[in-house]
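A.B. asks: okay, sequence plus prediction incoming.
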Amino acid sequence: MNQQEIRSRLASQAGDSSTLEVMGWYTFLLRHFAQPFLRFKFPKDRVKGFDFEGRPFERAVGRSRFMDSGNRLYACELGKLAFELMEATPALLHRLECIYDEILIDEVQDLAGFDWEILEVLLGSQIDVRMVGDVRQAVLSTNPRGKKNKKFSYAASLEWFRDREADGLLTIAYATITYRCRSEIAAFSDTIFDASWGFPGTTSENFDETEHDGVFLLHTQHVDEYVDRYRPQCLRHSVNSAKNLNLDFQNFKGVKGATFDRVLIAPTANIESFIKKGTNLEAAAAAAFYVAVTRARQSLAIVIDKVGMSTLPVWAPQVR
Amino acid sequence: MITRIHIRGYRIYKDFNLLPNPKMNILVGGNDAGKSTLMEAVSLALNGRIGGRNVLEELNPHWFNTELVQEFLAQRAAGRKPALPEILIELYLRDDDELQVLCGAVNTAVPTHACPGVFLRIYPNEEYQDMLDDWLKAPNALLPVEYYACEWRSFADRELTKRPRVLSVATIDSRTVKSSAGVDYHLRQILSDHLETNEKAEISLGFRTVKASMTDGALATVNRRFSALGASLQAEPIALAMDQTSRTSWESVITPHVDNVPFSMAGQGQQAAIKISLAMKRHSAKAKIVMIEEPENHLSHTSLSTLLERVEKLATDDQQLFVSTHSTYVLNRLGLNALHLLSRNLVSKITELDPSTVRYFQRLPGYDTLRLVLARKVVLVEGPSDEIIFEKVFYDLHGVTPMAAGVDVISMRGLALARCLELCAAVDKPVAVMRDNDGIEPAELRVAVVKWLDGKKRELFIGKVSDGHTLEPQLIKANGEAHLREVLGITDKADLVTWMTRAKTEGALLIAESNKALKAPAYMREAAGFIQNA
């Protein structure tokens, strides 16, 4: 859900409250960490900008680790910088505590690396922190290259929250109802992560019925006809996948937060073997596939020629 | 609440620091000492505007410190590449919870220091680098302000667009309202700050309704006649209506009335009093800064006294006052301990002044403490005759008058010597004090004030008891009766001591004006020597 959507929802649900600020995580770190307190690490510097794409040299240390020559901060190192500034001066947290009574974090599963360290400090502060997220969706990490806290990234972040819950820092409430996916789709999505993850099952509250509802497998030869008839949103892992199909694709990661009535998925080799043999997907791949599956409201079709031991129905055009 | 004012490169302030008191701050200084400039700088950094107008629109080369500009030009001339002069005004604020949104380390404090604060910086705009480079080929004292930019930010490096809500400031200037609009910029701001948002909305709505009723009422008849006129190009009817645009908002027509007389028609004293009351008495007790410029202007002595009473009464603990003044009366009344003495780029603050001394001068508000504070060096004497004689002694010794040597000779006129010395010590003023021994051993008289004396900057001088109890016998002892009788033109019949003691001042004047030589009593000569070197 993007910031504009949050703003408009807040405006309609909570009224036009001037005491509510909506900002992205990077903006939060820039405005309340880097800009005011940069000088606790670099006494002569000021933040002059933000570089979303750029990266420091692999072995850059000191100033050049965090910013380019024009003092534009690298997005990928902002979490580390922010955390180090937080450690450098107590004024930073005190300031935050005076400004905010409560911080709500949406899509918390997407935090990465040092963001978790920052979150931990916030959890121990006077500020009430509420977070929502779907750890099964953790595919958009805020620092894709960072090594810090790799073990917490992606779906394993749930472990992090469970540890903090055991320490008494937070409590977890599981929201298991989906208002989007029909029960067949919800049930299938629950199988993507094996039982060892300990995710609770999903209940569907979508009782709408159409001519074509549920999860289907689809042979390549029937794709054109299927697309013609149901007009699904076609999804693939990335530009490099499903090159044999000439469809109007979007990538898995690009459709986070979106909703479509019907979805068609061109699977990766790993997804194919998950369907055929039940081979578990590794965390990141599972999360990406999970996002794709749970975009669908009414129907989901997966393109596969050999169905193996899958018990899912196979769609075929009816012989007229 | 402001804890530190730092000004760099603005007008007379090359690099200036002032650490204000939490509550009362009285700014004194000679003319051109920078009192108004200081107030202006503070207001600039608090409002991001100057007199309600955009900074860059008002910016001109004379805003820059001439000394810095000269240094810059000299360095350029010597072939070096110094940076173009800039202006920086920083206000450091107390580390209060409600001010934390302004907290950060984007300030010039060394080592790095985070606290709430705001700054205003005027600097060469990099976007105009080409033009600046061009200008640098033949630089002169008139800086190319067209190519300068202005940033107004919090110490958190967040750009400010309007004055932060947590910082309310009221400026009460000595100018009085004479314009036909009735309300000047400062007063309008004070009024606007005084009213709650809903009150303002209500007034605005009411004013609109009134304007509308004019259109429907008195103007309706006129408009009926106009409609038949056919005056417009395309035969659309024209009509008169009240202007409902923001140009004619209520702020421009609503003005305070005093006893049914509009504000601008009120006496100047009344105007000042009203401004002060409005500014200081707000509904919400937020952190407030009140700046009052020379309240003594336009006011009679009694009005000033009433006004100061009001200032004292309205000042609350969370209000910080800055009062600039030329008046000893204001200074003494509001409390000598709040004094900041400005002299161009420097400021000295009164340190530890005993509360009883502050009260002492508050009860004697007419005493010229300001003269004492503003003098470069001070000689304290008991009365006018001592003053006159000392001036002559000083002239005889140094060949210049005390005034020309920067020495102000001040009569204490019965004021407690210890209080005056304490004040001199508090403002670190060089001072030589002379007094009569009145028959008591000088060593004994020293005891009471010895803690203020250091033999280098402050010293007490008293004539020997054996040479006489007061100035007159001391003069006779030093010069001999015959010589003095001749100087004063007194016959042998009159008793010299009695005559001189009865006509102290007159005698002193005769001695001073005489072209006959005068031998100074030893203690007086020592004092004259001491103060010259102090």
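C.D. replies: On my side now, so go ahead.

A.B. asks: rest of the way, CA atoms for contacts and neighbours
C.D. replies: Noted.

A.B. asks: and the residue nearest to A:Asn280 when sequence neighbours are not counted, how many neighbours?
C.D. replies: Using Cα to Cα, 6 or more residues apart in numbering or on different chains and skipping residues adjacent in sequence, the residue nearest A:Asn280 is A:Phe274, 6.0 Å away. Residues lying near A:Phe274 (other Cα atoms under 10 Å in any protein chain shown) number 19.

A.B. asks: which element is A:Phe274 on?
C.D. replies: Secondary structure assigned from DSSP states H and E places A:Phe274 in helix A:269-277.

A.B. asks: for that helix, what is the distance to the chain centroid?
C.D. replies: 23 Å (Cα atoms, centre = their mean, to the nearest Å).

A.B. asks: C-terminal to that helix, what's the next element?
C.D. replies: Heading C-terminal from helix A:269-277 (DSSP H and E), you reach helix A:283-293.

A.B. asks: which parts of that following helix are buried?
C.D. replies: A:283-293 (16 or more other Cα atoms under 10 Å in any protein chain shown).

A.B. asks: that older thread, check what pLDDT the residue nearest to A:Asn280 gets.
C.D. replies: At A:Phe274, the model reports a pLDDT of 95.

A.B. asks: now do A:Pro56
C.D. replies: pLDDT, A:Pro56: 91.

A.B. asks: and the one 4 residues further on, by the same measure?
C.D. replies: At A:Ala60, the predicted lDDT confidence score is 89.

A.B. asks: what about it, distance to A:Glu53?
C.D. replies: Noted for A:Ala60: a distance of 16 Å to A:Glu53, by Cα to Cα, to the nearest Å.

A.B. asks: these two - which one has more neighbours?
C.D. replies: When neighbours are counted by other Cα under 10 Å, A:Ala60 comes out ahead of the other of A:Ala60 and A:Glu53, with 11 against 8.

A.B. asks: next one: that one from A:Met67, what distance?
C.D. replies: The gap separating A:Ala60 from A:Met67 is 10 Å, by Cα to Cα.

A.B. asks: go on, A:Ala82?
C.D. replies: Computed with Cα to Cα, the distance linking A:Ala82 and A:Met67 is 13 Å.

A.B. asks: one more: B:Ala494?
C.D. replies: For B:Ala494, the distance to A:Met67 - Cα to Cα - is 95 Å.

A.B. asks: higher neighbour count, these two?
C.D. replies: Remark: of B:Ala494 and A:Met67, A:Met67 carries more neighbours, 24 against 10, as counted by other Cα under 10 Å.

A.B. asks: so what's the more buried one closest to, chain neighbours aside?
C.D. replies: Closest to A:Met67 by Cα to Cα, 6+ apart is A:Leu73, at 4.2 Å.

A.B. asks: so B:Thr501 lies in a helix, does it not?
C.D. replies: Yes - counting by DSSP: H, G, I helix; E, B strand; the rest coil, B:Thr501 is located in a helix.

A.B. asks: what sits against the residue lying closest to it once chain neighbours are set aside?
C.D. replies: In this structure, B:Thr501 finds its nearest non-sequential neighbour in B:Glu472, 6.5 Å apart by Cα to Cα, 6+ apart. Counting by Cα atoms under 8 Å, 6 or more residues apart in numbering or on different chains, B:Glu472 makes contact with B:497, B:500-501, B:504.

A.B. asks: quick one: pLDDT of A:Ile6?
C.D. replies: pLDDT, A:Ile6: 81.

A.B. asks: same question, A:Thr142
C.D. replies: Here, the pLDDT recorded for A:Thr142 equals 48.

A.B. asks: I figured B:Gly468 hits B:Ala478, correct?
C.D. replies: No - counting by Cα atoms under 8 Å, B:Gly468 does not reach B:Ala478; the two are 10.3 Å apart.

A.B. asks: doesn't A:Leu20 lie inside a strand?
C.D. replies: No - judged by three-state DSSP, A:Leu20 forms no part of a strand; its state is coil.

A.B. asks: what about it, how many residues nearby?
C.D. replies: When neighbours are counted by other Cα under 10 Å, A:Leu20 comes out with 15.

A.B. asks: and the residue of chain A that's closest to chain B?
C.D. replies: Ranking the residues of chain A by distance to chain B (Cα to the nearest Cα) places A:Pro36 first, at 3.7 Å.

A.B. asks: touching, that residue and B:Cys103? I think so.
C.D. replies: Yes - the criterion here is Cα under 8 Å, and A:Pro36 meets it with B:Cys103 at 7.1 Å.

A.B. asks: find residues that contact each of those two.
C.D. replies: In contact with both A:Pro36 and B:Cys103: B:155-156, using Cα under 8 Å, 6+ apart.

A.B. asks: more crowded one of these two?
C.D. replies: B:Cys103 (32 against 28).

A.B. asks: need the three-state assignment for the closest residue to the more buried one other than its chain neighbours.
C.D. replies: Closest residue to B:Cys103 apart from its sequence neighbours, by Cα to Cα, 6+ apart: B:Pro116 at 3.6 Å. Counting by three-state DSSP, the backbone at B:Pro116 sits in strand.

A.B. asks: do I have it right that B:Pro116 meets B:Leu99?
C.D. replies: Yes - taking Cα under 8 Å as the definition, B:Pro116 is a contact partner of B:Leu99 at 6.0 Å.

A.B. asks: list phi and psi for residue 121.
C.D. replies: All of this is about chain A. Dihedral pair for A:Val121: phi -60, psi -40, per degrees, to the nearest 10.

A.B. asks: you answered for a different chain; I wanted chain B.
C.D. replies: Phi and psi for B:Arg121, reported as degrees, to the nearest 10, are phi -130, psi 140.
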